[in-house]
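K.L.:
Fold the following.
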Amino acid sequence: MPTSMPCPSIRIPVEQLTPSSFAQFGTVIENPAHANRPPPNNDFVPKSVSANQGSALKYLDVTHIANLYNLAPSKKPAKAVMNMFVCAPRELRPHEPSNSMPSSWGDIDFDDDDESASVNAQRELFDVPILERHPFTTQTFIPMGLSPYEKHTQYLVIVAPTLPASASRRRTDRAPPYPTPHKPQRRSIKDVFARARPSPFTNESAPPPSQFSRLHPSQKPKGPGLPDLKNIRAFVADGSQAVTYGAGTWHAPMAVIGDRAIDFVVVQYANGVDMEDCQEILLKPDARAEEGVVVSVESDSSGKVLVKAGPGAAIKAKL
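P.N.:
Sure thing, here's the model as predicted:
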C-alpha cells in the first residue's frame, strides 16, 4: 500500500508546455521549427547539423537521459526498457465553486466569469489522487498517432517539486518512501588520501568532478522529500511534443483529455526492484479540505484545452 499524505484543497490552472516553463522538471522534445510559439532564448534551442546526404536536419541532444541506479540501495544494475502505455481519456467532473487555497500562481479566481472567455467554454475538474516518481531514472513519454493540430484530444503533464526531507516528516506519519543509499561513515586510508590535493594517485591537481556536476539540473537526484503541493503545476501538450521527466520528479500518471486514447512509447531504465523503480504517494484531503488537489480544465467549443496561466494566458486574479 503506498504511503499517503494529507493535502489541502487546491486548484491548479493549466499552462502551455514549453521547454523553459518545464525546465525545472525535465525536458520537452519538439521540433523548434514547428513549435507554435517562439523560444524565449537560445538556451532551449538544440544544436542542429545536416544529415542523410543533406536531406535531413539532425537536432542534437533533444532530451536528457539519466541512469542513477548506482545510487540505489540494492546496487542491482538497471537496463534500458521501452514500453507502450495506451492511455484512455480521463473522467472529468463538472465545475463547481470552491474555496480552494491558491496555487503557486496566486489567488486566481476560477469561478468568476472572464470577459475574454468564450461563452461556449466548458469548465470541468480533474482530481489528482496520486503522484509517483522514478528516483533513479528519467522517463520519456512519446505520443504516437496524435496530430499536432488535433483539438479534440490532448494530454496533461502534472508535476510537483520535492520538499526537503525535514518538512516531509511533518506531513505524514511514515518516513518518506525514498530508498536513500547508505553512506558508510568510516573510510579507508586510501580513500582519505585519494581526496587530498594534489592526488597521490594521479597527475591531477584536484579530484575529478562529481558525476552530478555534469547532469542537467532536472536530472540530479531530488532527495527523499514528499511532493510540494503548493507548487504543483499542470501543463497541456499536443501531438507535436514528447516529454522527459527528470529522475525523481514527482508527477501524476499520464492524463489524456479528450475523445480518444493516446499511445505513448515510454523509455526509461529499470532494475526490477519495485521501490527503486517506482514510488507512489496517495493524496488524501485533510479534515478541513473540500476536495483535495484538482486541475481546473477549461475547453473551448472544439474541445481544445485553454491555457489559463503562464505566458499568453488570459486570467483574472483576485487582488
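K.L.:
for Lys230, helix, strand, or coil?
P.N.:
helix (DSSP: H, G, I helix; E, B strand; the rest coil).
K.L.:
Apologies, that question was intended for Glu276.
P.N.:
Of the three states, Glu276 takes helix under three-state DSSP.
K.L.:
Just give the number of residues close to it.
P.N.:
The tally of other residues near Glu276 (other C-beta atoms under 10 Å) stands at 23. Using the backbone N, CA and C atoms, a C-beta is placed for each residue, glycine as well.
K.L.:
my guess is Ile12 meets Ala234, correct?
P.N.:
Yes: applying C-beta atoms under 8 Å as the test, Ile12 and Ala234 come out as touching, 4.7 Å apart.
K.L.:
Name the residues contacting each of the two.
P.N.:
Taking C-beta atoms under 8 Å, 6 or more residues apart in numbering as the contact rule, the neighbours common to Ile12 and Ala234 are 158, 295.
K.L.:
low-confidence ranges in the stretch 1-150 of the chain?
P.N.:
36-44, 101-119 (pLDDT under 70).
K.L.:
If we go by neighbour counts, what in the helix or strand Tyr269 falls within is buried?
P.N.:
In this assignment (DSSP states H and E), Tyr269 forms part of strand 262-270. Using 16 or more other C-beta atoms under 10 Å as the test for burial, strand 262-270 gives 262, 264, 267-270.
K.L.:
Mind listing the strands that strand pairs with, and their directions?
P.N.:
Using DSSP bridges, the strands paired with strand 262-270 are strand 79-87 (antiparallel), strand 139-144 (antiparallel).
K.L.:
Identify the residues contacting the last one?
P.N.:
By that I understand strand 139-144. The contact list for strand 139-144 (C-beta under 8 Å, 6+ apart) reads 29, 63, 65, 85, 155, 237, 239, 241-245, 254, 262-268.
K.L.:
Show me where the stretch 101-250 of the chain has its strands.
P.N.:
Along the stretch 101-250 of the chain, the stretches classed as strands by DSSP state E, counting those that start in this stretch are 122-127, 130-133, 139-144, 153-160, 233-237, 242-245, 250-251.
K.L.:
now the third one and strand 233-237, what's the angle there?
P.N.:
Comparing the axes of strand 139-144 and strand 233-237 via axes from the mean of the first three to the mean of the last three C-alpha atoms, to 10 degrees yields an angle of 30 degrees.
K.L.:
Buried residues in strand 139-144, which are they?
P.N.:
For strand 139-144, by 16+ other C-beta under 10 Å, it's 139-143.
K.L.:
Just the CA trace of it, in CSV.
P.N.:
Below are the C-alpha coordinates for strand 139-144, written out as CSV (Å, rounded to 0.1, in the frame of the first residue of the first chain):
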residue,chain,number,x,y,z
GLN,A,139,11.2,8.7,-18.1
THR,A,140,10.3,9.8,-21.6
PHE,A,141,6.8,9.7,-22.9
ILE,A,142,6.5,9.9,-26.7
PRO,A,143,2.9,10.1,-28.1
MET,A,144,2.1,8.2,-31.3
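K.L.:
Flag every buried residue along stretch 276-291.
P.N.:
For stretch 276-291, burial by neighbour count (16+ other C-beta under 10 Å) applies to 276-281, 283, 285, 289, 291.
K.L.:
So which of those residues is the closest to Pro2?
P.N.:
Glu280 (3.9 Å; C-beta to C-beta).
K.L.:
correct me, but the closest one touches Glu132?
P.N.:
Yes: contact criterion C-beta under 8 Å: Glu280 and Glu132 qualify, at 4.7 Å.
K.L.:
coming back round to it: which one among the buried residues of strand 139-144 gets closest to Gln122?
P.N.:
Nearest to Gln122 among those: Pro143, at 23.2 Å, using C-beta to C-beta.
K.L.:
Which residues does the closest one form beta bridges with?
P.N.:
Counting by DSSP bridges, Pro143 is bridged to Phe264.
K.L.:
any idea how far it is from Glu150?
P.N.:
10 Å (C-beta to C-beta, to the nearest Å).
K.L.:
Tabulate the buried residues of stretch 276-291 in a markdown table, adding columns for pLDDT and distance to Gln53.
P.N.:
Below are these laid out as a markdown table (pLDDT from 0 to 100; distance: C-beta to C-beta, whole Å):
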| residue | pLDDT | distance to Gln53 |
| --- | --- | --- |
| Glu276 | 93 | 44 |
| Asp277 | 95 | 42 |
| Cys278 | 95 | 43 |
| Gln279 | 93 | 47 |
| Glu280 | 94 | 48 |
| Ile281 | 94 | 51 |
| Leu283 | 94 | 53 |
| Pro285 | 91 | 59 |
| Ala289 | 84 | 61 |
| Glu291 | 91 | 58 |
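K.L.:
Appreciated, that's everything.
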